[in-house]
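Chemist: Sequence first, predicted model second:
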Amino acid sequence: DPKAPKMIAGDDFRHALATTVKRPFRVVPFFDPGPWGGQWMKEVCDLPREAPNYAWCFDCVPEENSLLLGFGGARVEVPAIDLVFRHPRELLGEAVHARFGDEFPIRFDFLDTMGGGNLSLQVHPLTEYIQDRFGMHYTQDESYYLLDAGEGACVYLGVQEGIDRAAMVRDLRRAQAGGPAFPAERYVNKWPAKKHDHFLIPGGTVHCSGKDAMVLEISATPYIFTFKLWDWERLGLDGRPRPIHVDHGASNIQWERTTAWVERELVNRIEPLGSGQGWREERTGLHEREFIETRRHWFTGRAPHDTGGGVNVLNLVEGAEALVESPAGAFEPFVVHYAETFIVPGAVGPYTIRPHGEAEGTECATIKAFVRTRP
């Protein structure tokens, strides 16, 4: 708040960061409207009703989110990236830090089209392309996890079998130049989507969420490299057309990712991994080009977790409330609520999650993401 500056002692600030990195924590989420935004977050997250919609929520993006630190009765808000810079090894873990340096490589955000419209049809660059053209070391591989879905919800993903590539690019250019609307369903697969579905989106894959879907987007962090191909003949909130990047997009579309390949490789690759008393674990998707591993835990009792020395990012995707605890009492029990994203630093090691409060006696679920450091 620029009208109410606050000051704290440097030693106190450094102590606060050192304390944060030893326990699970949340960052301050940021909500923003958009031309395709929906109404789900407004209701579930109890947001101000005067906004026309909320399209995005950045809930684990240290470059954009903040930390709210408490000092007695005072609350001080600071950039969350300060924690990454100050304690990268404890936060990320040695192997992840060795690969990414002082960057936080995983981001969780929300894309709300419930009562809204389709996202722009888009593609993210291949790793080779983003390295060559933009000097980035990794690209925005991502996935869509469906927190919720209305009737008729869908995800556009991959191109259809046997299409004419040149014709698709030509139709994209004609639409961008003010010609006929781009016939997306002639070229792009449209997959039905329901709650808890998981769609993988490695760079180079044409994609977008359709209307009436609530997406938890799990992705790598070079988030500014989205090549829009088609924006459904609409304007941005400022009344102007949003930028379209057909040239960049056409250079990255992986045309072999057609219907059969996408269904086999990218849609609901659910693999049971293990179970115990009151819990079971699944791998919900992993493509060989993506460095982010995702795991889902269903639990009615205490589910065991371990950071394995690398940072974990989780969201409570089912259940009203859960409690994160240290078996060794290394941190105070941490309460999370439905749809909240939280970070467990690599230095934490073992931890458990169980239903809590209103959720006791019910089945809950988390989705967890971490950087693969070994096969």
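Modeler: Received the coordinates, thanks.
Chemist: neighbours around His124, how many?
Modeler: For His124, the neighbour count with other CB atoms under 10 Å is 28. C-beta: built from backbone N, CA, C; applies to glycine.
Chemist: Quick one: residues contacting it.
Modeler: Contacts for His124 were tallied using CB atoms under 8 Å, 6 or more residues apart in numbering; they are 139-142, 201, 203-205, 225-227, 252.
Chemist: Of those residues, which belong to strands?
Modeler: In strands, judged by DSSP state E, the following of these are found: 142, 201, 227.
Chemist: and stretch 216-235, C-alpha only, in PDB?
Modeler: This file holds the C-alpha atoms of stretch 216-235, laid out as PDB (Å, rounded to 0.1, in the frame of the first residue of the first chain):
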ATOM      1  CA  LEU A 216      -5.700 -25.400 -12.400                       C
ATOM      2  CA  GLU A 217      -2.800 -24.700 -14.700                       C
ATOM      3  CA  ILE A 218       0.500 -26.400 -13.700                       C
ATOM      4  CA  SER A 219       3.400 -25.100 -15.700                       C
ATOM      5  CA  ALA A 220       7.000 -24.100 -16.000                       C
ATOM      6  CA  THR A 221       7.600 -20.400 -15.400                       C
ATOM      7  CA  PRO A 222       8.500 -18.700 -18.700                       C
ATOM      8  CA  TYR A 223       4.900 -17.500 -18.800                       C
ATOM      9  CA  ILE A 224       5.300 -14.500 -21.200                       C
ATOM     10  CA  PHE A 225       5.900 -16.700 -24.200                       C
ATOM     11  CA  THR A 226       2.300 -17.600 -25.300                       C
ATOM     12  CA  PHE A 227       1.900 -17.400 -29.100                       C
ATOM     13  CA  LYS A 228      -1.800 -16.700 -29.700                       C
ATOM     14  CA  LEU A 229      -3.200 -18.100 -32.900                       C
ATOM     15  CA  TRP A 230      -6.800 -17.100 -32.700                       C
ATOM     16  CA  ASP A 231      -8.800 -15.100 -30.300                       C
ATOM     17  CA  TRP A 232     -12.400 -15.900 -31.300                       C
ATOM     18  CA  GLU A 233     -13.100 -12.500 -32.900                       C
ATOM     19  CA  ARG A 234     -13.200 -10.600 -29.600                       C
ATOM     20  CA  LEU A 235     -11.500  -7.600 -28.100                       C
END
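Chemist: Kindly give the local confidence score, pLDDT, for Pro375.
Modeler: Pro375 carries a pLDDT score of 50 in this model.
Chemist: what's the answer for Gly361, then?
Modeler: 93.
Chemist: Val335 versus the closest residue in space to it that isn't next to it in sequence, what's the distance?
Modeler: Nearest non-adjacent residue to Gly361, counting by CB to CB, 6 or more residues apart in numbering: Pro355, 7.1 Å away. Using CB to CB, to the nearest Å, we find Pro355 at a distance of 11 Å from Val335.
Chemist: out of those two, which sits in the more crowded spot?
Modeler: Set Pro355 next to Val335 and count neighbours by other CB under 10 Å: Pro355 wins out with 23 against 14.
Chemist: Tell me which residues are up against the lowest-mean-pLDDT helix or strand in the chain.
Modeler: Across the helices and strands of the chain, mean pLDDT, DSSP states H and E gives its lowest value to helix 127-134, namely a mean of 86. Counting by CB under 8 Å, 6+ apart, helix 127-134 makes contact with 125, 136-139, 203, 222, 225, 248, 251-252, 289, all of which sit outside it.
Chemist: now those residues: which count as buried?
Modeler: The neighbour-count test (16 or more other CB atoms under 10 Å) marks 125, 136, 138-139, 203, 222, 225, 248, 252 as buried among these.
Chemist: so how far is the least confident helix or strand of the chain from its chain's centroid?
Modeler: Distance, stretch centre to chain centre, for helix 127-134: 22 Å (CA atoms, centre = their mean, to the nearest Å).
Chemist: again with stretch 60-76
Modeler: So, by CA atoms, centre = their mean, the centroid of stretch 60-76 is 20 Å from its chain's centroid.
Chemist: about what we covered before: hey, what's in contact with both of Pro355 and Val335?
Modeler: Residues touching both Pro355 and Val335 (CB under 8 Å, 6+ apart): 321-323.
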